[in-house]
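Q: Provided below for reference: sequence and predicted model.
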Amino acid sequence: MPVNETLSQYSDWSYTTATAIYVLALVFFLIEQSFGAKGRRAAERTKTRQLVGAGAPVSGTTADVPEPPAPRGRAERIGRMGASLTVLGVLLHFAALLLRGLATHRVPWGNMYEYIMAVTFIAVVTWLWAIRKFPVRHLSGFMLLPIVILMFIGGTMLYTVAAPVVPALQSYWLVIHVSAAATSSGIFLVPGVASVLYLVRNAYDRNPRRFARFGPKLPAADVLDRVAYRTTVFAFPLFTFGVLCGAVWAESAWGRFWGWDPKETTAFVAWVVYAAYLHSRATAGWRGTRAAVINTLGFAVTVFNLFFVNLVTTGLHSYAGVG
């Protein structure tokens, strides 16, 4: 069936508008992070604990007494506006995916542009879930920054005109395998950012001179650790399912389940890293810095697989541009 150019144009407009809205939300979240009461209260609590630990008197303050909720200030209202803008951006983001699929009469992840569109959509949806479950809304700027960068690269350097996929991809496995890979990759962006922020917070807790301006405005290290762990636990089974489906599709298309193609090899390395992270948490009780380092490594491998392997190396996946 011919491509519907009108729907394709509307998809491109929705994508561009969603990116612009994410940028505006990013600015709002950075304002909340810099001037919001959460960051100030976290810094004050950290300073109080340091003074009490050093034996210094702190008038009118006790480290063990919970603080009353502070009234919402202007920065907090700006942060809530940023969250509302993010929801609006997600709706336009979803519209871009839907219209692209309707325009091409197939699932909208048949090339790198569409794949990044899907990955970033899943990442933002996952982060919206995280800010409802954990007090991390004021960190949304750090999550939206890689999202905006990915969408800018996808919409400029990797943009592809709407068209049918090549015959090799005209299979129901495109729906199953690539959707699992895109969903898990998008979710993995959240624990990756959370683990990086955990390392910053933990470095500050160990030595307040490091990240002295930024560290105390982050949530407690255990909050960031829980965000990273719970999102990884959810994404890992999907990622495993995607790898297994890819092997079955490879056997059907190329006559072998595994051929150590660069894409396959890097995906396997990422799977081993995330499996090591979850296994160490469950058996050795690894929490904190060691677990965050492993999770950050898995995030780095995932990003490497998304860009370098897809765009630089040559392999059986090169024609597709997707995993």
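A: Structure received. Not measured: the values here are computed from a predicted model.
Q: in the helix or strand Asp222 falls within, what's buried?
A: Using DSSP states H and E, Asp222 sits in helix 221-254. For helix 221-254, the neighbour count (16 or more other CB atoms under 10 Å) marks 221, 223-232, 234-236, 238-239, 241-243, 245-247, 249-250 as buried. For the C-beta atoms, the positions are set from N, CA and C on the backbone; glycine is no exception.
Q: what do you get for stretch 258-275?
A: Buried residues in stretch 258-275, defined by neighbour count with 16+ other CB under 10 Å: 261-267, 269-271, 273-274.
Q: Contact partners for the residue nearest the centre of the chain?
A: In the chain, the C-alpha nearest the mean C-alpha coordinate belongs to Leu189, at 2.4 Å (CA atoms, centre = their mean). Shown in contact with Leu189 (CB atoms under 8 Å, 6 or more residues apart in numbering): 119, 123, 126, 143, 146-147, 299, 302.
Q: most surrounded residue in the residues you listed?
A: Highest neighbour count within the contacts of Leu189, by other CB atoms under 10 Å: Ile147, with 29 neighbours.
Q: Let me see the contact set for it.
A: 22, 120, 123-124, 189.
Q: Now it, what are its backbone angles?
A: With angles defined as degrees, to the nearest 10, Ile147 sits at phi -60, psi -50.
Q: What score does it have for pLDDT?
A: pLDDT recorded at Ile147 is 94.
Q: For Pro262, give its distance to Leu189.
A: 21 Å (CB to CB, to the nearest Å).
Q: And Ala95, by the same measure?
A: Separation of Ala95 from Leu189 (CB to CB) stands at 21 Å.
Q: How about Phe257?
A: Distance of Phe257 to Leu189, computed by CB to CB: 28 Å.
Q: likewise Tyr159?
A: Counting by CB to CB - Tyr159 and Leu189 are separated by 21 Å.
Q: What of Val200?
A: Val200 sits 17 Å away from Leu189, going by CB to CB.
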